[in-house]
Structures are given as structure tokens and as C-alpha cells.
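K.L.:
Sharing a model that was predicted from the sequence below.
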Amino acid sequence: MRTDYLRLGIYVICLHWLITAVSCTKTEEPPRPVGTELPYTNTVTRKLAALLDSIPEASIYRAAFKRTTIQRYMDSVNAINPNTPYTLFVPVNKAWEAAGYTMDKVNAMPAAVLDTLVRYITVVGGVSARADGLLGETNYYPLTYREMLTRTQVPNPFNFYFQYYYRLCVGQSAGVLRLNGKEVSHKAGIPAVNGTLFLIDSLVTKPFYESYQVLAADTSFSFYMAALKKSNALYQKKGILGSFTNEVQFNDTCALTLMRGDLTAGLDPAAIVFAPDNNAFRKAGFNSIADINTYIDHSALAAAPSFTRMLTNMDSILVNHRLLINIQRINSGYAYLYTAGLRSNAYATSLNNSTALGAITYRQENGQIVLHRQDAPQGRGAVVIGPSDITTLTGVIHRVDNLLLPTP
């Protein structure tokens, strides 16, 4: 019996030693990570330039950036204020290639062209690296040079040139980053010592055309443009073209052009246009441009004395299809309204509670954005249809399927 207990004790001791030895062997080897570590983690100690050099999928952007004058500009600003932050929106290689820019092409392109491309997606100021919480769009002035732009239409008395300041509209919500209304990334930004870097999936470029030019080039808006021009012709005949009263602008096409401006950033012209296409006019009983012209010829203004400040009958409808953000007090925050912001109701309070002429109200119905005149909320509704969110030199164009009439 004593021998059996002795054997059992020796067995238990040996088993304990074996388990201990195996356990020690396992804990001595650290766990191996799955995959490779991202080269740009823990970046808050790096500057943007060093961070950019560490990202393989940004090699085309890096080649373009180094051929621009942006780093010199940053250095000159930092010499005065070393704490100035910047935000770089960096298209990944696939985004450049999708836009037709290979590495070979970027290396051979004129540096001035690259400067224009990269400056537009570079802003002074820190954009939050966390893409959440901002329902609407925030306007930034990118590093794009100020330009003296020539207008397609120069109505008196605004016959002068002015410097134009570009905007880049940044939206962040629900983990999505938007530039000029377009979803460009579902990733958080990468913080650096002197700002933030966002990797984006699309190359966003600055606008080159006025709303007037975009709409005039699209034949599906020929009725709309004809209606605006016909009203303008009557305003010119009555001697009120270009005049203002009580926030009313007697020149409809002027809202779509580079009408007025100032040397101060933020005062450049902008209009949000809910443009009715030809089918929208047909739904309202205007089956041709001739029908539109006849209707306007019967305006009370047509029989009124010269210098009578009165909208045409058609313009009293179409005034509800545009928001002039530097003239009317609607949308006084100078926001460019995009579909994502409208869907999130980010602008519901400011738009639905406005009292100015041409004010609209909107809501969502079955996933669609439906507009109504605020002076006739039970009148005919217009649905914002795609493609929409067209950014121009003078604002944003949305296509709608109806005229905003006071009656259903």
C-alpha cells in the first residue's frame, strides 16, 4: 500500500513538472500579429509630409504634391504661425487612375496643372479626423488661387470684374466623408502634428462652369432656360433689369451667372437651384416654349408702366426654385445644399422657418426629398431627382420633377 502511494505521488509531481514546462514554453513566445501593421498608425508625432511618405497607396498623389508649390506655401505660412493646421484630402492611386492620371502621366504633366488639382483638395484648418456628427456641409476655402473670372452674361449695372474664391464643401456624418456632396471615404482621417490626412476614393476637382452654362448645355432644361430669358427680356423692356427691392431680384438668369462679388472671401455669388426639367413644365400644362412665351406675355407686368417693379407670372413661380444665398435671407449660413444634408434634415429648421420671398419647405416621403412653396404648403410638390448635386462656380443644381405651383 505504501508503495502505491509513493508511486502515485511521484506521478503527480512529474505531471506537474510537465504541465509547468509546457506552459512556460508557450508563454515565452509572444503572439504573432495577423497581417502587416499599417505604416501610418500612431501618427500624431509625425508631420503631414512624413505621414504622406509612409502611405503606399498615396504614391501618385505624393508625386503630384511634390511637383506643386504647396509645401513652399505651407512653409511660408508656418514661418509666421508655426501652429497653422492643414487638411489634405489624398486620392488613393486607384482614384487617380480612374480619373485618367497614371504615375507616368503625373510625372510628365505641367506642374501648374497639378498645382490646380492638388490645391483644390487642400484646405487651411483642421477637419475633424472622426467622420461623424456633422449633418450638413461646411464651406472651406481651399488653397486654389483666387481667379479673375469672366462672366457669360453681364447685365447692367454690374459690369465689372472681381476676384473669385473657390469653395470646397466638406460633410461628415455616420462615418462617411463627403466632398461637394459626393461620398469619397468611409474611413476616419489620419491625424498628424500639423493637421489631418484623409484617404479618399475619388478625385474631386474644382468647378469650371457657371450654373447658367451647365443648364444651357443640357437640352432637358431648355424650357427652364427659355422661361428665364423671356422674363428677363420683359424686365429689360420695363427698365428694371438688374434692380433690387425687398430682396427681389429682377433678372432671373443673373442668379445663375457670376453676378456680383467682393474682394472678401465669402461674398462671392452662389445660388441653390432646384431646376425643373422640360417634363416638369409639361406636367404643368406648358407643352412647348411657345406656350411659355405666351403665358409670360400675359403677365400684369406686360401692361404696366415702365419701371414698375413686378415679377412676371412665370417668375413668381420660378422664384421658388432658387435660393440666392448672398441676397435673400433664406439659407443665410451660405451653405451649399446637398442631398445628404437634405436627407438628414440638417437644413429643415433654417429653410422651413424662413419668411422671405421664394422660401421653400421640404420633407422626406418614401426616401424622396419633396419640396413645397412655403406660401402654399399644400400646393404642388416637386421631388428632387438624380443625377443631382451638380456643383458649379455659382452654386449647386438639383433637378426636380415639377413646378412649385400654389395649387396641387
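P.N.:
Thanks, I have it.

K.L.:
From here on, just use CA atoms for contacts and neighbour counts.
P.N.:
OK.

K.L.:
Tell me which residues are up against the strand or helix carrying A79.
P.N.:
According to DSSP states H and E, A79 maps onto helix 70-80. With contacts defined as C-alpha atoms under 8 Å, 6 or more residues apart in numbering, helix 70-80 is touched by T84, D115, R119.

K.L.:
List the first helix or strand encountered after that helix toward the C-terminus.
P.N.:
strand 86-91.

K.L.:
So S306: helix, strand or coil?
P.N.:
With DSSP: H, G, I helix; E, B strand; the rest coil as the basis, S306 sits in coil.

K.L.:
Number of residues surrounding it?
P.N.:
Close neighbours of S306, defined as other C-alpha atoms under 10 Å, add up to 14.

K.L.:
N320 too?
P.N.:
For N320, the count of nearby residues is 22 (other C-alpha under 10 Å).

K.L.:
Okay, it and V248: tell me how far apart.
P.N.:
12 Å (C-alpha to C-alpha, to the nearest Å).

K.L.:
ok, now L318?
P.N.:
With distances taken as C-alpha to C-alpha, L318 is found 12 Å from V248.

K.L.:
where does the stretch 51-200 of the chain have low pLDDT?
P.N.:
130-136, 151, 153-163 (pLDDT under 70).

K.L.:
Distance check, P377 against G367.
P.N.:
Separation of P377 from G367 (C-alpha to C-alpha): 19 Å.

K.L.:
Neighbour count for these two, which is higher?
P.N.:
Between P377 and G367, P377 has the larger neighbour count (other C-alpha under 10 Å), namely 18 against 8.

K.L.:
contacting residues around that one?
P.N.:
Neighbour list for P377: T361, P406 [criterion: C-alpha under 8 Å, 6+ apart].

K.L.:
start to end distance for stretch 253-273?
P.N.:
Start and end residues of stretch 253-273 are separated by 11 Å (C-alpha to C-alpha).

K.L.:
Quick one: mean pLDDT over it.
P.N.:
For stretch 253-273, mean pLDDT rounds to 62.

K.L.:
if we can go back for a sec, higher neighbour count, L318 and V248?
P.N.:
L318 (22 against 18).

K.L.:
thinking again about what came up before, list buried residues within the contacts of helix 70-80.
P.N.:
When the contacts of helix 70-80 are checked for burial by 16 or more other C-alpha atoms under 10 Å, the buried set is D115, R119.

K.L.:
Looking at the contacts of helix 70-80, spot the one nearest V193.
P.N.:
T84 (10.2 Å; C-alpha to C-alpha).

K.L.:
Skip the chain neighbours and tell me the closest residue to that closest one.
P.N.:
N78 (6.3 Å; C-alpha to C-alpha, 6 or more residues apart in numbering).

K.L.:
export the host helix or strand of S316 as PDB, just CAs?
P.N.:
Here S316, judged by DSSP H and E, is contained in helix 315-318. Taking C-alpha atoms only, helix 315-318 is exported to PDB below (Å, rounded to 0.1, in the frame of the first residue of the first chain):
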ATOM      1  CA  ASP A 315     -41.000  84.300 -62.500                       C
ATOM      2  CA  SER A 316     -43.400  84.300 -59.500                       C
ATOM      3  CA  ILE A 317     -43.300  80.500 -59.800                       C
ATOM      4  CA  LEU A 318     -39.600  80.100 -60.600                       C
END
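
K.L.:
pLDDT averaged over it, what's the number?
P.N.:
The model assigns helix 315-318 a mean pLDDT of 94.

K.L.:
which parts of the helix holding A79 are buried?
P.N.:
Of the residues in helix 70-80, those buried under the neighbour-count criterion (16+ other C-alpha under 10 Å) are I70, M74.

K.L.:
Okay, angle between it and strand 86-91 too, please.
P.N.:
Angular relation of helix 70-80 and strand 86-91 on a 0 to 180 degree scale: 170 degrees, by axes from the mean of the first three to the mean of the last three C-alpha atoms, to 10 degrees.

K.L.:
how about the strands in the stretch 1-150 of the chain?
P.N.:
For the stretch 1-150 of the chain, the strands defined by DSSP state E, counting those that start in this stretch occupy 86-91, 122-124, 134-140, 147-148.

K.L.:
Partner strands of the shortest one, with direction?
P.N.:
Listed by DSSP bridges, the sheet partners of strand 147-148 and their directions read strand 163-164 (antiparallel).

K.L.:
elements contacting the very next helix or strand once past the strand it pairs with?
P.N.:
Per DSSP H and E, the first helix or strand lying C-terminal to strand 163-164 is strand 168-173. Other helices and strands packing on strand 168-173, by 3 or more C-alpha pairs under 8 Å, 6 or more residues apart in numbering; DSSP states H and E, are strand 134-140, strand 176-179.

K.L.:
Return the alpha-carbon coordinates of the strand with the most length in the chain using CSV.
P.N.:
Counting by DSSP state E, the longest strand found in the chain is strand 382-392. Coordinates of each C-alpha in strand 382-392 appear next as CSV, following Å, rounded to 0.1, in the frame of the first residue of the first chain:
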residue,chain,number,x,y,z
ALA,A,382,-41.5,68.8,-56.5
VAL,A,383,-39.3,65.8,-56.0
VAL,A,384,-35.5,66.1,-56.2
ILE,A,385,-34.4,63.5,-58.7
GLY,A,386,-31.0,62.2,-59.8
PRO,A,387,-28.5,62.8,-61.0
SER,A,388,-28.3,65.8,-58.7
ASP,A,389,-25.7,67.7,-56.6
ILE,A,390,-24.1,69.4,-59.6
THR,A,391,-21.5,71.9,-58.1
THR,A,392,-20.8,74.9,-60.3
